[in-house]
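S.K.: I would like the atomic coordinates for the input below:
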Amino acid sequence: MAAIAWAKAKHPIEAEHLFGIGSNCGGAALLGAAVEKGPGEQLEGIVLYEPFARFDELVRENAKRILPGPASWLVRYISVPLASLHSGANLGGFAPIEMIDQVWPRPVLIVQGRAQTFVSTGQSMELYQQASQPKEQFFPADNYYQQRARARRYSVGGARLLTEMFKEFLGTSDSISDDEGVRYRTMRFLHDARPVPIL
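M.R.: As a prediction, the model looks like this:
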């Protein structure tokens, strides 16, 4: 919201039309800012890459997938409540799905992942289904060049290979924004995005 206010104040001509793009947790933060009264309302459309619908489900899914039983339990029942206490906000209750319909009448593009991120495609799809029109979704697919690039990364030896395997396991190996199809779809969406006229 501070960036929006700054752009409008310092560069009013260039900032005549503002859009927001956020990925994963940044997408959730962008959505929260877009529905706030004031500067957030000046965003004419938003693009969310691999957004999650509910933080508590995100933590549960990833803790169960990545961590052994006791560590998973500690994260879900101790770490998240402590982080909530520290931040002064109920992180476990943070649910972008409860905010997405407030973006209306502005358009939303939701880009689902390729199961290579810590956000499941189910969470992104749930958020898309809850959004009001105008909305679009996009499922990028791995292409030949991306598969070859991944194979080249894995062909290196030693610590580099272990690092790549660890990043793949955590779902942080590939950035969705590096996908040429995603970039094209995003630019086309931003070019065509118009809020729904309100009578």
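S.K.: let's verify residue 140: helix, strand, or coil?
M.R.: Of the three states, residue 140 takes coil under DSSP: H, G, I helix; E, B strand; the rest coil.
S.K.: can you tell me how far it sits from residue 46?
M.R.: Distance of residue 140 to residue 46, computed by C-beta to C-beta, to the nearest Å: 18 Å. Just so you know, the C-beta spots here come from the backbone N, C-alpha and C atoms, and that holds for glycine as well.
S.K.: next one: residue 14
M.R.: 19 Å.
S.K.: now swap in residue 139 and tell me
M.R.: 18 Å.
S.K.: so those two - more neighbours on which side?
M.R.: Comparing residue 139 with residue 46 by other C-beta atoms under 10 Å, the one with more neighbours is residue 46, at 28 against 14.
S.K.: ok, which stretches of the chain are helices?
M.R.: Along the chain, counting by DSSP state H, helices occupy 2-10, 25-34, 55-66, 69-74, 80-87, 121-130, 144-155, 158-170, 180-192.
S.K.: show me the shaky parts of the protein.
M.R.: 114-116, 141-174, 198-199 (pLDDT under 70).
S.K.: am I right that residue 21 is in contact with residue 30?
M.R.: Yes. Counting by C-beta atoms under 8 Å, residue 21 touches residue 30, with 7.4 Å between them.
S.K.: determine how far the last residue of stretch 13-33 lies from the first.
M.R.: Its start and end residues considered, stretch 13-33 measures 22 Å (C-alpha to C-alpha, to the nearest Å).
S.K.: residues in contact with it: which ones?
M.R.: Stretch 13-33 is contacted from outside by 1, 4, 7-8, 34, 39-40, 42-52, 55, 94, 96, 99-100, 103, 117-119, 175-177, 186, 190, 193, using C-beta atoms under 8 Å, 6 or more residues apart in numbering.
S.K.: do the same with stretch 86-106
M.R.: Stretch 86-106 is contacted by residues 27-28, 31-32, 34-35, 43-46, 51-56, 59, 80-81, 83-84, 108, 126-127, 130-134, 193, 195-198 when judged by C-beta under 8 Å, 6+ apart.
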